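>>> Turn this into a structure:
(3 chains)
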Amino acid sequence: MALAWPETPKDAVIVQNELRHRVRVENDFGTIKIIAGVDVSYNLKTNLTRAFIVLLDFATLQMQASVRAVLPTAFPYIPGFLSFREIPAILEAMKLLPISPDLLMVDGQGIAHPRGLGIAAHLGVLTGLPAIGVAKSRLVGWNKEPGTQKGDHTPLLHKGARIGTVLRSKEKVKPLFISPGHRVDQDTALEITRQCLTKYRLPEPTRLADKLSKEKVAEKPIQASLF
DNA sequence: GCGACAG
DNA sequence: ATCTTGTCGC
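Sure, this is the predicted structure:
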């Protein structure tokens, strides 16, 4: 990448302020045939970060492929700087994909971020791919509580502008925070997310990636025990 | 100074 | 995110 990967929040802010100007929030993509779900998990014991990317057929929401990359965790978790902790592993996983997806659905914020560059926007700019952020909780902004029925939603506002949508993805569950990541507008980000909802709180792309990331798998060969 | 704070 | 088993509610 052109810019060196920052090692401190201070340097990360410089990178964010530079990249935020490259984010496009207008629709700029063709037919979505393959949509990708991105999620990351950690192993605190081994200090490893594991990124998972699943490819689904957008029309049927069926998983077509999945890849995983494991890297040492090199950046702490600091609200507002999540992307610097997770993107390195995600980019490694991306290299393993059999085909390039038409859009990325990322577990986290898109432009609904203090400096407009949540992980979905950051990843979108770095890959050049259309991206949407689907977060399970709020980072910034305020909103009226959406209705209780699936599909009900309210705008997420921040500093006088709409930065995302708070969506009730399923009855009786906490709402999701949807925001454009790159090359997708507000209404389309919401619509694509809604089209990925089935019977669960999370849309299929992120739900399946999250499911895989939580699977307990040995990162190292299992040592033989005595006796 | 106090409270908030994606995963 | 992760640590953790059963359990209350729909």
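
>>> Quick one: name the residues of chain A near DNA strand B.
Residues of chain A found near DNA strand B (C-beta under 7 Å from any atom of the strand) are A:39-40, A:42, A:77, A:79-83, A:107-109, A:113, A:118-120, A:133, A:135-139. (Glycine included, C-beta is placed from N, CA and C.)

>>> which of those residues count as buried?
Applying 16 or more other C-beta atoms under 10 Å to the residues of chain A next to DNA strand B, the neighbour count classes A:39-40, A:42, A:80-83, A:107-109, A:113, A:118-120, A:133, A:135, A:139 as buried.

>>> Out of these, which are close to DNA strand C?
Applying C-beta under 7 Å from any atom of the strand to those, one finds that A:Val40, A:Tyr42, A:Asp107 fall near DNA strand C.

>>> Can you tell me which of these is closest to DNA strand B?
The shortest gap between DNA strand B and any of these belongs to A:Asp107, at 4.8 Å (C-beta to the nearest atom of the strand).

>>> hang on, that closest one packs against A:Ala51?
No: checked against C-beta atoms under 8 Å, the pair A:Asp107 and A:Ala51 is beyond contact range at 10.4 Å.

>>> Identify the contacts common to those two.
Shared contacts of A:Asp107 and A:Ala51, defined by C-beta atoms under 8 Å, 6 or more residues apart in numbering, comprise A:Val38, A:Asp39, A:Val40.

>>> Next, the first one: phi, psi?
Looking back up the chat, that one is A:Val38. phi -120, psi 130 (degrees, to the nearest 10).

>>> Run through the residues that contact it.
Counting by C-beta under 8 Å, 6+ apart, the residues that A:Val38 touches are A:Ala51, A:Phe52, A:Ile53, A:Ile90, A:Leu104, A:Met105, A:Val106, A:Asp107, A:Leu123, A:Pro205, A:Thr206, A:Ala209.
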